[in-house]
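J.: I would like the atomic coordinates for the input below:
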Amino acid sequence: MHPPTPAPRSPGPALELLVHGVGGTTPQEMLADPRTVRVTGDTTAAVYRRSADADAERHPERYREEPIAEAYCWSNLTSGNGSRALWLLLLPFMVINLAHWMRPTARRRPRAIRLHGVLVRLIALSLTVLLTAAACEVALDLTAWQCAGVAACSEKRSWLGFLSAAQGGWWSQPGRRLALAALVPAALVGLLWFLSNRTWSAYESQLPLTGADPDDAQDDGPAPAAEPVRPAPGPVRKVPAGPRRTPAAPASSTGDTGRLAESPGTPQTRPAAPSGHTTGLSGPALGRPGFWYGRRLVARLRAAHTAAGLLTVTAAVTEAAARYDRAAPGPVPPVLGRLIEGALAAGLVVVLWVVCRRGRSERRLDNRLDRALITWLPGAALALLVLAAVHAAWPRPGWTSSGRLPGDVTLFRAVSVAEGVLVVLLAVVSRYLYRCCPEPRTVLRGLGGPAVAMLACALGGVMTGGVAQRVADWLDGPGSPGMGSGALIEGPPVLLSWQASVIPVLLLLLLVPGAVLGVRTRLAARRLEPAVDAEYGEPFPDPARTRRIARARATAALTDAAPGVVGIVSGATLFLGAAAVAGSWATGEVPGLALDGSGPFLESVAEAAQSTGSWLIGFGFLVFVACGRRAYRDASARRTIGILWDVGTFWPRAAHPFAPPCYAERAVPDLASRMSGWTGRTRGRLVISGHSQGSVLAAAAVWQLPARTRSRVALLTYGSPIERLYARWFPVYFGAGQLHGLHRSVHCWRNLWRATDPIGGEIRLGLESGPEVDRGPLKDPLVYGRTPEHPLPEPVLGHSDYQADPVFAEERAALLERLGPVLPRQARAVGEDVRAVPEGPPDTAG
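T.: Numbers count the residues shown, from 1 in each chain. Here you go, the predicted model:
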């Protein structure tokens, strides 16, 4: 991490570092100038200035009225090249990764906290197995086992001719068809491994930056003994006591400014020391040395999930052949199948051990890699798959395929039951943690994580059922798979049909809260109309204009109702999913056949639910594919989808290694490095100005700064979801205690918000931690009607264009004025190490 910035003896120049929000903004738009120049960084993420400001530090007399403006653009981290469209396949993985970070705040409950992480990682593992099982269902069961084994189906598909059992070729034996078809799910697992490994090399594996020279490191005061920071490979020189020189600004042609190795906290908290030193562990979670450095855990989880996917394919290939060998003695001894099944069980135990054994190492920079594990575990699983393919392909005269692939139904049923049980256990643990340390603003009383985990399982189920239903309908032609004699093939497992049948029921249930919210919003808008007229003081208000403003405010308030909707959807999904598992288990038939003889009404309802659900789930899958195809070709569509990633991939991959990569692991160190480098070189004042998601990045970067550097930095946020979304959904990291600590440790902080903003809101900090943070609600629109200064009607801006409000420039100037010089304290004795005398902001700082 960068050493603390020496306190300046004069105010020096001033810099405003702008950070954009979701959706991305060009540097030209951020700086309001078509001529910009890149100061540092690469095409993925970089800091820009106006061309006229390139050498601004050499001419401070030009910037006495306004600060130097810089723009940090990070949108390409989430919406860059066309391959990012493949991330749509990873949506369930991203959602379950969010659930990991939604743990309720709890103190002195290490076992419950660890159990929470283990349960989330196990649910994430089940999603990998589920996605692989879907690929096995399509390739092995529907195509190789069912369609290729039925002459009426394979004759309609010329590309299946060489696999057709009717032709009697070498590939016509069921085991050889399965071995060949296993290449499809194995390739999918390989693609997931490749995407994860590629992004891991670009994000998590970046070595942390401990300073250009170890001599630049600087302690900030005494601290209790703690775990040492692990040094990066290479020689380590002792850090002598005495004055430290000011570090140069980091320069990198690629913009990868590395990681920070100091643990910030309040001005009295000692930052993490460089290699070989001990450090105190106090301070916010997002300021820990290893928080934005998840290299080791992601590598371990990637190995475990890759092995789990390959073992799933192995099980699908092995089960049918092993059952046939046990039922009809032939040329292959049954003991071989049992040995492979035993190896499968042993591999599953190892995978579970790897997933459950350890979580993240946030309190230290853990640079180690478990090379034996990440190499041999996937390698052994791949070798077992090859062995299973050879075993299945061995000649077995008289073996034919009929019905569904053996073991397929059991696999889907086991995964569904396991996910339901794990989600319920996660809810119990989360509720226990919440009751230990309740925070009123936490969503769903601590059940936000389990609710989101249930949604991740539902998304995985929809993707699985969608692809299976569409492929089955396509292979079967005019028939309906699973509906009896009219169908050419049996179709997918009946559980998938039951799960598709509950989708229309779920949508009907959602109409109730949707209608309630609609009526509530309309009534709230009517109640706000008198307040709008009173606020603007128009003698002759326009009813249409008033209604428009009131409706914008009422609609923006719907964001606060989102937790309730998520809770309802998750609860209904859990209940209906359990009903689908029970129905498929009890009847063994699709809903349309299971309710035959129950009466005309129930029969028609079941058939309608099954057909509508199958159509909806297939249609949803097609829309999903179409969005991915368009995003691959169209940059604007890719930016739109990138908004989802902006919110969902802020957090490191702590639960699922195949989730889209965490862009904050690049953006936060970039911002912290730029702030520390610029203030260290110029000894000037800096305002980091973040809009929307950029305000979250700004706060996380400020947390990573040492206390002395923060004394030269002010925080300006606007349209910020820090409290409205992040503090409520992620209380451990953005809860009231963490925000109060940030307010006390940063020199000064102001937050601007509007009542018409559906995303940003108040920070809700009282005066007990310093001067007031919030200013708002700002007027939106700025004026009600036409005025000489605004001859045309002003729009309702909502979440955008905060800088157009004069309050923005006013608050920025006030922050720079409060960033006065901080005089360094003298050493208490000649030769005494000045590092032991911390320098912080004045007592009156915000």
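
J.: okay, now residue 55: neighbour count?
T.: Neighbour count for residue 55, taken as other C-beta atoms under 10 Å: 8. Just so you know, the C-beta spots here come from the backbone N, C-alpha and C atoms, and that holds for glycine as well.

J.: and it, what does it touch?
T.: Residues counted as contacts of residue 55 (C-beta atoms under 8 Å, 6 or more residues apart in numbering): none.

J.: quick one: it and residue 37, what's the gap?
T.: Going from residue 55 to residue 37 by C-beta to C-beta, to the nearest Å gives 10 Å.

J.: Please apply the same query to residue 155.
T.: 66 Å.

J.: go on, residue 299?
T.: Residue 299 sits 38 Å away from residue 37, taking C-beta to C-beta as the criterion.

J.: okay, those two: which has more neighbours?
T.: Set side by side, residue 299 and residue 37 show more neighbours around residue 299, with 22 against 12, by other C-beta under 10 Å.

J.: Least confident secondary structure element in the protein?
T.: In the chain, no helix or strand scores lower on mean pLDDT, DSSP states H and E than helix 635-648, which sits at a mean of 62.

J.: Enumerate every residue touching residue 185.
T.: By C-beta under 8 Å, 6+ apart, the contact set of residue 185 is 132, 135, 136, 139, 140, 309, 312, 313, 316.

J.: repeat that for 7 Å
T.: By C-beta atoms under 7 Å, 6 or more residues apart in numbering, the contact list for residue 185 reads 132, 135, 136, 139, 313.

J.: what helix or strand is it on?
T.: According to DSSP states H and E, residue 185 maps onto helix 183-202.

J.: same for the next helix or strand after that helix, what does it pack against?
T.: Next along the chain after helix 183-202, taking DSSP H and E as the criterion, comes helix 295-327. Helix 295-327 sits against helix 110-136, helix 174-181, helix 183-202, helix 334-357, helix 371-393, with contacts defined as 3 or more C-beta pairs under 7 Å, 6 or more residues apart in numbering; DSSP states H and E.

J.: what about residue 666, helix or strand, and which?
T.: Going by DSSP H and E, residue 666 is part of helix 664-682.

J.: who's in contact with residue 28?
T.: By C-beta under 7 Å, 6+ apart, residue 28 lies in contact with 34, 36.

J.: looking at it, residue 310 is touching residue 382, isn't it?
T.: Yes: between residue 310 and residue 382 there is a contact under C-beta atoms under 7 Å: 5.6 Å.

J.: Show me the shaky parts of the stretch 601-750 of the chain.
T.: Where the stretch 601-750 of the chain drops to pLDDT under 70, the residues are 625, 628-645.

J.: residues in contact with residue 17?
T.: 70, 72, 674, 675, 686, 688, 689.

J.: so what's it bridging to?
T.: Residues in a beta bridge with residue 17, per DSSP bridges, are residue 70, residue 688.

J.: what stretches of the stretch 451-600 of the chain score poorly on pLDDT?
T.: Across the stretch 451-600 of the chain, the ranges flagged by pLDDT under 70 are 477-486.

J.: where do the helices sit along the stretch 701-846 of the chain?
T.: With DSSP state H, counting those that start in this stretch as the criterion, the stretch 701-846 of the chain has helices at 707-710, 728-729, 731-734, 736-745, 806-818.

J.: any chance of the ones you listed in a markdown table, plus distance to residue 161 and mean neighbour count?
T.: Output for the helices of the stretch 701-846 of the chain, formatted as a markdown table (distance: least, C-beta to C-beta, whole Å; neighbours: other C-beta atoms under 10 Å):
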| stretch | distance to residue 161 | mean neighbour count |
| --- | --- | --- |
| helix 707-710 | 70 | 27 |
| helix 728-729 | 54 | 22 |
| helix 731-734 | 57 | 23 |
| helix 736-745 | 64 | 21 |
| helix 806-818 | 69 | 17 |
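
J.: picking up where we left off before, any idea which of the helices and strands packed on helix 295-327 scores lowest on pLDDT?
T.: Note on the helices and strands packed on helix 295-327: helix 183-202 shows the lowest mean pLDDT, a mean of 87.

J.: can you state the direction angle for that helix and helix 371-393?
T.: For helix 183-202 against helix 371-393, the angle by axes from the mean of the first three to the mean of the last three C-alpha atoms, to 10 degrees is 170 degrees.

J.: Taking their axis directions, helix 183-202 and helix 110-136 sit at what angle?
T.: Using the same axes, to 10 degrees: helix 183-202 against helix 110-136 is 140 degrees.

J.: Of all the residues in helix 183-202, which ones are buried?
T.: 184-186, 188-190, 192-193, 195-197, 199-200 (16 or more other C-beta atoms under 10 Å).

J.: circling back: state the pair within the contacts of residue 185 that is farthest apart.
T.: Maximum pairwise distance among those (C-beta to C-beta): 10.6 Å, between 132 and 139.
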